[in-house]
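J.: Generate coordinates for the sequence data below:
(2 chains)
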Amino acid sequence: MSEPLIELTGITKVLKGQSEPRTILDGVDLTVREGESVAVVGRSGSGKSTLLSVVGLFDRPDAGRYLLAGQDISRLRERRAAKLRSSHFGFVFQRFFLLKHLTAAQNVAMALVNGQGWPRRERRRRVLAALDQVGIAHLAKNRPAKMSGGEQQRVAIARALVRNPRVLLADEPTGALDTETGTLVIDALLGATENGCGLILVTHDRDHAARMGRILDLADGVLTERVPA
Amino acid sequence: MMRLSGRLRSSLIIGLQGIRARKLRTLLSMVSLFLGVLAVVVVQAGASIAERALMSDLELTNGIDGTRVLDMPPNPQAADIVVSTIAGRSDAVASMAASAIIGEPGVQPVNPGGSPMDENWGSSSICYPDGHCEEQGGPKGEAVELRLTALTGDIRAFRPFRLQSGRWLDFTTMPALAPRLVLNREAAKGFEEHHVPAEMRVGGAVHDVTPQFIGVVDDGDPQPRAYVRVDELANWLPPGGLADPNTGGEMRVMLAPSTPAERVLTAKLRGAGVETYLSTVDSRKERGKELSLMRLIFFSMAGLVLLIGVAGILNVGLATVGERVEEFALRRAVGTPRSLLAGIVLAETLLTGLLTAAAAIAASAAALKVVSTLLGDSQPLLHDVQFPWEAGVAGIIAGLVAGILGGFVPALRAAGIPIATVMRA
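T.: Residues are numbered from 1 along each chain as shown, chains lettered A, B, ... in the order given. Sure thing, here's the model as predicted:
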C-alpha cells in the first residue's frame, strides 16, 4: 500500500463571528494516499468546501492534527502555507476562474508565476504538457471567451496540474457543466491520479462520485465512509 | 537577490497585463494624475528657468560664480601696475571707470550725475587731476553723462554681457585713435532720445575726444555706461588718470579662479602699498534662501494638485481591486504570496504613474518649445529656453510617488483578500 499523502486526525473547525459558534467539522479523520481518488458528498452547507479549505491550506483547523506527506502542518505561517499550496496542491473550482484577458496558455502559466523565476522555455514546456494532458493543447492561444464551458474547465484543470501537484482538490468541478462535458472533466481528473496524484472530489453528482476509489459522507461535521453496496 | 528580481519581474509582467486588460481604467487614472504631475513639472521647469534668469542677471553685474574679484581704491600707481601686469591676458581683466559727458560742450547734460535717463540726480560736476571740480552749469543742452569703463581685455569671460546690436570691443586689433565705445542699454536709450555731437569729455583728459559707437550690450546696469579699450583711451588719458581719486574713478580686477596672475598682481600691489580687497563671486549662495523659499512655495502648490491626482489613482485602484477580488483570491490559491499580490497592484499603479509622468514631461517640453518659439523674441526670459532636466526628474519622481501613494492602500487590500472567496463563489 502506498504512503499516506494526507492524514487528518480529529480536525475540528468552528465558524465564529455569528450569534452562536457553529461547528462545521467535528473531529474529522481522513487519509488519502498517492494515486487514490476520494469523493466527498453531502448536503449543501454540510462543510464539504470547508473541509477542502482546510486540506488545501486556505484555512486553519481549530483543533486536530494535519500531516502532509508525514510532516505536521497543523500550525503553519501564511508564507509557508503559500509555498506548500503551490508545490503540493492543485485546485479546481466549480467556476473556472479563468482571467478573460489571458489566453489558455497564459491562464495555465499563472500557476507558475509566483516569483520562483521559472525559465521561459521550461514554463512553456510545462504549460503545453498540462494542456496536452487534458486534451486541449490546440486551444493554447485561445482566450476563454472563445471556449466552451468544458474546455474552460479543462484549462482550469491544466492550471491545477501544471506544477505536478501531489494532491488535486476539486470543488464541484462539474457543477456548471452538462453531463457529457462533466464526464470528460472527471476523466481528465482521474487521468491525473494515474501519475500518483491524490484526488479529493467534492460533488453532488452520484455518478461522478461512484467513479472515485472511495466515497465519504459529510453530515453535521462528521465524516463517514460509505460502505460499497 | 535572484528571488527579489524574480518577484519584481513577475510583478511587472502581471502588472503590465493588468494595465493592458483595463485600458480605459488606466486612462482614467492617468487623466486624474496627469494634471498633478504636469503641475510639478511646470513648477520645476518654471523655477529652474526663473532661477537661471535670476542667476544670469546676477552674472551680468556681479560676475560668474567662482570669479575672483580684486577691488582697490583708485590710485594712479595701482592702475599702472594693474595694466602692465594683466594687459593681454585672458584669465584676468581690469576695469577702470571715470565720469564722461558726450555731447555739446558747456551745457548741463540731460541726465546730470550720470543718472538713468528717466531719473534726475541733480547737478553734476567734472573734476580734474589738480583736485578742482567744475559744476556743469549752464543751459540744459544735448549731452549725455555716463560712466566710461576702460577694459584691459574681454570682460565677457567674467560678466557675460548680452549683445543687443552692433559688435563688442575687439582687443586683437590695433588701437584706434578715435576710441570705440560699446554702450549699455541705458546709455543707448539716452543717445536714441537725444541727438548729440560726437564729442566726449572725460574727467582728467586734457582734450575732448571723438568717440565711435560700435555696439550696444545689456550689462544689467541701470546707469548709462560705455565700455572702451584701455589702450584706445590711453591716447587721451593715461590709465593713471582714470584711476585718479579726484575724478571719482573705480578700479576692479576680475580673475579666473586659481590664475597665477592673482598672486603676482597682489604681490606687486602689496609692494606698492596699495590696499586690496579680494572676494569670490558666489551669487547662488547669496540668493540661496530666496531661491529655496520660491521653490518651497511653488512646490507646495504643485504638491496639492498632485494630491488630487493621487486621490484619483487611489480611487480607481480601490475600484479595480474590488472588481478583481476573485482573481487575487485565485492567485493566492495557486500559491502566489501576499507580497507578490501587493507587488502586482503597486506595479500597475507605478507603471501608470510613470506613463503619466512621461506624458506630462513630453507635453511640458512641447509646450515650452512652442511658447519659446512664439514669445521668445518679445520675452527675453523665454528666448531659446531649453526644457530643464530637473523638471524631467521632478516629473518622474512625482509619478513614482503618486504611484506608490495611490497604489499602497489598494495593494494592502489585494494582499488581504481571503482565498476562501473562490470557494464561496
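J.: hey, let's count contacts and neighbours off CA atoms from now on
T.: Noted.
J.: how long is stretch A:63-72 from one end to the other?
T.: End-to-end distance of stretch A:63-72: 13 Å, with C-alpha to C-alpha, to the nearest Å as the criterion.
J.: Whichever residue of the stretch 101-250 of chain B sits closest to chain A: what's it in contact with?
T.: The nearest approach of the stretch 101-250 of chain B to chain A comes at B:Pro160, 57.9 Å away (C-alpha to the nearest C-alpha). Counting by C-alpha atoms under 8 Å, 6 or more residues apart in numbering or on different chains, B:Pro160 touches B:Glu59, B:Leu60, B:Gly63, B:Ile64, B:Asp219.
J.: What is the nearest of those residues to chain A?
T.: The closest of the contacts of B:Pro160 to chain A turns out to be B:Ile64 (C-alpha to the nearest C-alpha; 54.4 Å).
J.: hang on, isn't that closest one packed against B:Pro257?
T.: No: look at B:Ile64 against B:Pro257 with C-alpha atoms under 8 Å: they stay out of range, at 10.7 Å.
J.: hang on, the earlier thing: the residue of the stretch 101-250 of chain B closest to chain A - that's part of a strand, no?
T.: No: with DSSP: H, G, I helix; E, B strand; the rest coil as the criterion, B:Pro160 is coil rather than part of a strand.
J.: Okay, it and B:Asp57: tell me how far apart.
T.: As judged by C-alpha to C-alpha, B:Pro160 and B:Asp57 stand 9 Å apart.
J.: try B:His194
T.: To B:Asp57, B:His194 is 28 Å away according to C-alpha to C-alpha.
J.: for B:Pro116, same thing?
T.: Separation of B:Pro116 from B:Asp57 (C-alpha to C-alpha): 18 Å.
J.: more neighbours, these two?
T.: Neighbour totals were compared for B:Pro116 and B:Asp57, and B:Pro116 leads with 22 against 19 (other C-alpha atoms under 10 Å in any protein chain shown).
J.: The closest residue to B:Val69 other than its chain neighbours pairs with what?
T.: Computed as C-alpha to C-alpha, 6 or more residues apart in numbering or on different chains, the closest residue to B:Val69 that is not its neighbour in sequence is B:Met254, at 4.7 Å. Counting by DSSP bridges, B:Met254 is bridged to B:Val69, B:Val93.
J.: wait, isn't B:Met254 in contact with B:Ser90?
T.: No: using C-alpha under 8 Å, B:Met254 makes no contact with B:Ser90, being 10.4 Å away.
J.: Which residue would be the closest one in the stretch 151-300 of chain B to chain A?
T.: For the stretch 151-300 of chain B, C-alpha to the nearest C-alpha, closest residue to chain A: B:Phe299, 38.6 Å.
J.: Up against chain A, what does the stretch 251-400 of chain B have?
T.: The stretch 251-400 of chain B comes close to chain A at residues B:Glu326, B:Glu327, B:Leu330, B:Arg331, B:Arg332, B:Ala333, B:Val334, B:Gly335, B:Thr336, B:Pro337, B:Leu340, as judged by C-alpha under 8 Å from any C-alpha of the partner chain.
J.: Among these, which has the minimum pLDDT value?
T.: The lowest pLDDT within these belongs to B:Gly335, with 78.
J.: what's around it, how many residues?
T.: Using other C-alpha under 10 Å, B:Gly335 is surrounded by 25 other residues.
J.: and the closest residue to it other than its chain neighbours, what is it in contact with?
T.: Once flanking residues are discounted, B:Gly335 sits nearest to A:Ser86: 4.2 Å by C-alpha to C-alpha, 6+ apart. By C-alpha under 8 Å, 6+ apart, the contact list for A:Ser86 reads A:Ala111, A:Arg163, A:Pro165, B:Ala333, B:Val334, B:Gly335, B:Thr336.
J.: Mind pulling up the pLDDT for the third one?
T.: Think A:Pro165. For A:Pro165, the model assigns a pLDDT of 90.
J.: repeat for the one 4 residues further on
T.: At A:Leu169 the predicted local distance difference test score is 92.
J.: Regarding it, what is its secondary structure?
T.: Per three-state DSSP, A:Leu169 ends up strand.
J.: buried ones in the host helix or strand of A:Arg154?
T.: For A:Arg154, the enclosing helix or strand under DSSP states H and E is helix A:149-161. Residues A:149-161 are the ones in helix A:149-161 that count as buried (16 or more other C-alpha atoms under 10 Å in any protein chain shown).
J.: where does chain A have low pLDDT?
T.: For chain A, applying pLDDT under 70 flags the ranges A:1, A:18, A:113-117, A:227-229.
J.: ok, which stretches of it are helices?
T.: Applying DSSP state H to chain A gives helices spanning A:48-55, A:78-88, A:104-109, A:120-133, A:149-161, A:179-193, A:206-210.
J.: partner residues bridging the residue nearest the centre of chain A?
T.: When C-alpha atoms, centre = their mean is applied to chain A, the residue found nearest the centroid is A:Leu169 (1.3 Å). On the basis of DSSP bridges, A:Leu169 is bridged to A:Phe91, A:Ile200.
J.: didn't it look like it was pressed against A:Thr203?
T.: No: contact criterion C-alpha under 8 Å: A:Leu169 and A:Thr203 do not qualify, at 11.3 Å.
J.: and B:Ile344, how many neighbours does it have?
T.: Neighbours of B:Ile344 using other C-alpha under 10 Å come to 29.
J.: Is it in contact with B:Arg7, as I believe?
T.: No: if you go by C-alpha under 8 Å, B:Ile344 and B:Arg7 don't touch, sitting 9.2 Å apart.
J.: got a pLDDT number for the residue nearest to B:Val69?
T.: Model confidence at B:Met254, expressed as pLDDT, equals 93.
J.: cool, and the one 3 residues further on?
T.: The model reports B:Pro257 with a pLDDT of 90.
J.: Now do the SS call for it.
T.: Using three-state DSSP, the structure places B:Pro257 in coil.
J.: how about it, phi and psi?
T.: Dihedral pair for B:Pro257: phi -60, psi 140, per degrees, to the nearest 10.
J.: how many other residues sit next to it?
T.: B:Pro257: 15 surrounding residues under other C-alpha under 10 Å.
J.: what do you get for B:Val310?
T.: B:Val310: 27 surrounding residues under other C-alpha under 10 Å.
J.: gap between it and B:Ile81?
T.: Distance, B:Val310 to B:Ile81, using C-alpha to C-alpha: 66 Å.
J.: What of A:Ile73?
T.: Distance, A:Ile73 to B:Ile81, using C-alpha to C-alpha: 94 Å.
J.: How about B:Val110?
T.: From B:Val110 to B:Ile81 the distance is 36 Å (C-alpha to C-alpha).
J.: Okay then, goodbye and thanks.
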